[in-house]
Structures are given as C-alpha cells and as structure tokens.
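1. Next comes the sequence, and after it the predicted model I'd like to discuss.
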Amino acid sequence: MDLSRWTQQTPGLRILVRDEPLHPRYRKRASDLEKARGRRYQLIATNTAVGQISWLDARHRSHVHVEGNIKQAKALG
C-alpha cells in the first residue's frame, strides 16, 4: 500500500489493520474475497501522536459501539 501522497498531506499518518474471523451476520454483505478467506480486514487511519497501537485500536473499537448506538436510536425515531 503506497501511502506517500497521504503522508505528505497528513504528517504522522498511521494505518492500523485488524484481521478477524468473518462473523456470520456480516457474511451477507462481505466481499467475495472475504468470503473465500473467511476473514475480515478493517483499516483504521489515524494521525494521533499519543498512544500505543493497542490503545488506539481499543479506542477505535469502543467508538464503533457508540456509532452503532446512534444508528439504532435514529432507526427507532
């Protein structure tokens, strides 16, 4: 992955990649490659200067739950 253009625009850019088993609920909308491998890859782009990679990953995953709750609340009206 060539990030040279992005790193010029955003100094300190880091890409975190998570590899996880393909969840049965996600299988319907998974790509053919994800289905064939049985794995799901998630990329997180950040220029946060503070924090180790594991801390940044945990922070991102906790925010996903917040976004899910907001989406569910909007759907309920």
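-> Yep, it's here. Residues are numbered from 1 along each chain as shown.
2. remind me which residues of the chain are low pLDDT?
-> Scanning the chain for pLDDT under 70 picks out the ranges 1, 60-67.
3. And the strands in it?
-> In the chain, the strands defined using DSSP state E lie at 14-21, 39-46.
4. need the helices for this structure, in chain order.
-> Using DSSP state H, the helices found in the chain span residues 4-9, 32-37, 53-76.
5. need those in CSV with mean neighbour count, can you?
-> Where you see a C-beta, it was placed from the backbone N, CA and C, and this is true even at glycine. What follows is the helices of the chain, written out as CSV (neighbours: other C-beta atoms under 10 Å):
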stretch, mean neighbour count
helix 4-9, 10
helix 32-37, 12
helix 53-76, 10
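6. how about these in a markdown table, adding distance to R25?
-> Output for the helices of the chain, formatted as a markdown table (distance: least, C-beta to C-beta, whole Å):
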| stretch | distance to R25 |
| --- | --- |
| helix 4-9 | 31 |
| helix 32-37 | 13 |
| helix 53-76 | 12 |
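7. can you list the residues that contact stretch 35-48?
-> Stretch 35-48 has contacts (C-beta atoms under 8 Å, 6 or more residues apart in numbering) with 6, 10-23, 26-27, 30, 34, 56-57, 60.
8. One more pass at 10 Å, please.
-> 1, 3, 6-7, 9-23, 26-28, 30-31, 33-34, 53, 55-57, 59-61, 63-64 (C-beta atoms under 10 Å, 6 or more residues apart in numbering).
9. same deal with stretch 4-11?
-> For stretch 4-11, using C-beta under 10 Å, 6+ apart, the contacting residues are L3, L13, R14, I15, A45, T46, N47, A49.
10. quick one, phi/psi of the last one?
-> According to degrees, to the nearest 10, the main-chain angles of A49 amount to phi -80, psi -20.
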